[in-house]
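Trainee: Attaching a predicted model along with its sequence, questions to come.
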Amino acid sequence: MAATTSRTLELLSLLQSHRHWSARDLVDRLGVSERTLRRDVERLRDLGYGIESMRGSAGGYRLEAGTGLPPLLLTDDEGVAIAVGLRSQATAGLRGAEHTTLSALAKIEQVLPPALRRRIDALASHATLGAGTAGGGTGQPAPEVDAELLGLLALACRDSERLRFKYTDAAGEASARSIEPYRLVPVARRWYLLAWDRDRDDWRTFRLDRMSEVFQTRVRFEPRAMGDVEARTRVERALRWRARSVRARAVIEMPAPELTEYLGWYGRDVVADGPTRCVWPLESDAVESLFLALMWLPRGIRYRVEAEPDVLAFLAEQGERFAEAAVAAGGPPVIDPAR
């Protein structure tokens, strides 16, 4: 019976993770016969799960969307992600849903194993949440961060445990670091660790996707006082003043609300400069990213760019290259930008 129940739950997990499964794939995954697979499908249907079966060469099974919400099977990382998300919404006060948010959170945390609950507690107490500005507006995809690494660092912050790891900086240079971790801070879709660097005797900010071979020393340290506001301020200051940072301002002949709506998330830093003009501050570690960001502006809208001479020279050079490429391909004549 235990084996049957375990196999049925594994089948449910597979059906919830993929829209459609062929019968052959499920048989291979579960290591059972087609007859046993059909019996397990019927058991799930008896429990209230709507499972559609399809015949033919493309036949198989898929989980239907029902009128109610049946029990869901979650991996450890999925359970942590949902609980952390619910906690942040409950803290922020999700309008009109405070009670349901807390109720859902209580149901999930009630059944979580102690190890996962500790990870969630650490993330909730040592991750400074909130939208950041540094490094945004470039259109670059956010690098992936290992959920296990995020949980490990959160626990080290909470427990005041020293860590050692290898770190690769923006120039590609690798170094070994020994640190005292304090806070995890998300800024512009990236995660950063604020820590005291023991070798440099100063605060340092580390991007999580550039960390590797993290080693838990099991050595505790006496933490310095550090609040969420100070942690975020230190991280954003470090990002603003890094050596490879490139900044510009686009002064755009367009009302700020209209541009913000047009750009969506990337227009979160737009500020009004009168009723019909606005300013879009841009910052990145590469001038090419600023050029790509400017290409998002609506066609037909006039704007000017304020930046260092080398940045302006790069933008002018790229504009000329595009115009020459269009003419060479039989496109329209070059437009005088002064007109």
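Mentor: Looks like it arrived, so ask away.
Trainee: drop to CA atoms for contacts and neighbour counts, all remaining ones
Mentor: OK.
Trainee: which other residues reach stretch 201-208?
Mentor: With CA atoms under 8 Å, 6 or more residues apart in numbering as the test, stretch 201-208 has contacts from 145, 150, 167, 190-197, 235, 238.
Trainee: isn't Cys278 right up against Thr260?
Mentor: No: contact between Cys278 and Thr260 fails when scored by CA atoms under 8 Å: they sit 9.7 Å apart.
Trainee: Neighbour count: those two, which is higher?
Mentor: Taking other CA atoms under 10 Å, Cys278 and Thr260 do not tie; Cys278 has more neighbours (23 against 19).
Trainee: On the strand side of things, show who the more buried one bridges to.
Mentor: Beta-bridge partners of Cys278, counted by DSSP bridges, are Ile252, Ala272.
Trainee: quick one: it from Met254, how far?
Mentor: According to CA to CA, to the nearest Å, Cys278 and Met254 sit 6 Å apart.
Trainee: if you look at the contacts of stretch 201-208, which of them are in helices?
Mentor: Counted as lying in helices by DSSP state H, out of the contacts of stretch 201-208, are 150, 235, 238.
Trainee: pretty sure the second one is in contact with Leu194, am I right?
Mentor: Looking back up the chat, that one is Val235. Yes: contact criterion CA under 8 Å: Val235 and Leu194 qualify, at 6.7 Å.
Trainee: anything in contact with each of these two?
Mentor: Common neighbours of Val235 and Leu194, using CA under 8 Å, 6+ apart, are 185, 205.
Trainee: that older thread, give me the buried subset of the contacts of stretch 201-208.
Mentor: Among the contacts of stretch 201-208, those scoring as buried are 150, 167, 190-197, 235, 238 (criterion: 16 or more other CA atoms under 10 Å).
Trainee: ok, the residues you listed vs Glu288, which is closest?
Mentor: Distances from Glu288 to the buried ones among the contacts of stretch 201-208, taken as CA to CA, are shortest for Arg190 (19.3 Å).
Trainee: you'd agree Ala275 is in a helix?
Mentor: One thing to correct before we go on: residue 275 is Pro, not Ala. No: according to DSSP: H, G, I helix; E, B strand; the rest coil, Pro275 belongs to no helix; its state is coil.
Trainee: and it, how many residues sit next to it?
Mentor: Using other CA under 10 Å, the number of residues around Pro275 comes to 11.
Trainee: show me what contacts it?
Mentor: Pro275 neighbours (CA under 8 Å, 6+ apart): 255-256.
Trainee: Dihedrals phi and psi, it?
Mentor: The phi and psi values for Pro275, taken as degrees, to the nearest 10, are phi -70, psi -30.
Trainee: How about the one 10 residues further on?
Mentor: Summarising the backbone geometry of Asp285 under the convention degrees, to the nearest 10, its torsions are phi -100, psi 10.
Trainee: Quick check, it in contact with Leu239.
Mentor: No: counting by CA under 8 Å, Asp285 does not reach Leu239; the two are 9.6 Å apart.
Trainee: ok, which stretches of this protein are strands?
Mentor: Listed in chain order, the strands of the chain (DSSP state E) span 51-54, 60-63, 161-168, 174-187, 190-197, 202-207, 211-220, 246-252, 271-272, 278-284, 303-307.
Trainee: mind listing what Leu193 touches?
Mentor: By CA under 8 Å, 6+ apart, the contact set of Leu193 is 181-185, 205-208.
Trainee: Kindly reformat the residues you listed as TSV containing pLDDT.
Mentor: Output for the contacts of Leu193, formatted as TSV (pLDDT from 0 to 100):
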residue	pLDDT
Pro181	92
Tyr182	89
Arg183	86
Leu184	83
Val185	81
Thr205	87
Phe206	91
Arg207	89
Leu208	88
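Trainee: just those now: which is nearest Ala225?
Mentor: Checking the contacts of Leu193 against Ala225 with CA to CA, the nearest one is Tyr182 at 9.4 Å.
Trainee: so how many other residues sit close to that closest one?
Mentor: Neighbour count for Tyr182, taken as other CA under 10 Å: 27.
Trainee: Let me know whether Pro255 touches Val271 as I believe.
Mentor: No: counting by CA under 8 Å, Pro255 does not reach Val271; the two are 9.3 Å apart.
Trainee: quick one: low-confidence ranges for the stretch 1-150 of the chain?
Mentor: The stretch 1-150 of the chain contains residues with pLDDT under 70 at 1-5, 17-19, 56-58, 65-74, 77, 81, 84-112, 120-147.
Trainee: 50 instead, please
Mentor: 67-68, 90-99, 131-142 (pLDDT under 50).
Trainee: Skipping its backbone neighbours, what lies nearest Leu63 in space?
Mentor: Nearest non-adjacent residue to Leu63, counting by CA to CA, 6 or more residues apart in numbering: Ile51, 4.6 Å away.
Trainee: Please list all residues in contact with that neighbour.
Mentor: By CA under 8 Å, 6+ apart, the residues touching Ile51 are 41, 44-45, 61-64.
Trainee: of all those residues, which comes closest to Ile82?
Mentor: Minimum distance to Ile82 across the contacts of Ile51 is 21.3 Å, recorded for Leu63 (CA to CA).
Trainee: thought the closest one was touching Gln16?
Mentor: Yes: using CA under 8 Å as the test, Leu63 is close enough to Gln16 to be in contact (6.8 Å).
Trainee: what about the two, which has more around it?
Mentor: More neighbours surround Leu63 than the other of Leu63 and Gln16, with 19 against 16 (other CA under 10 Å).
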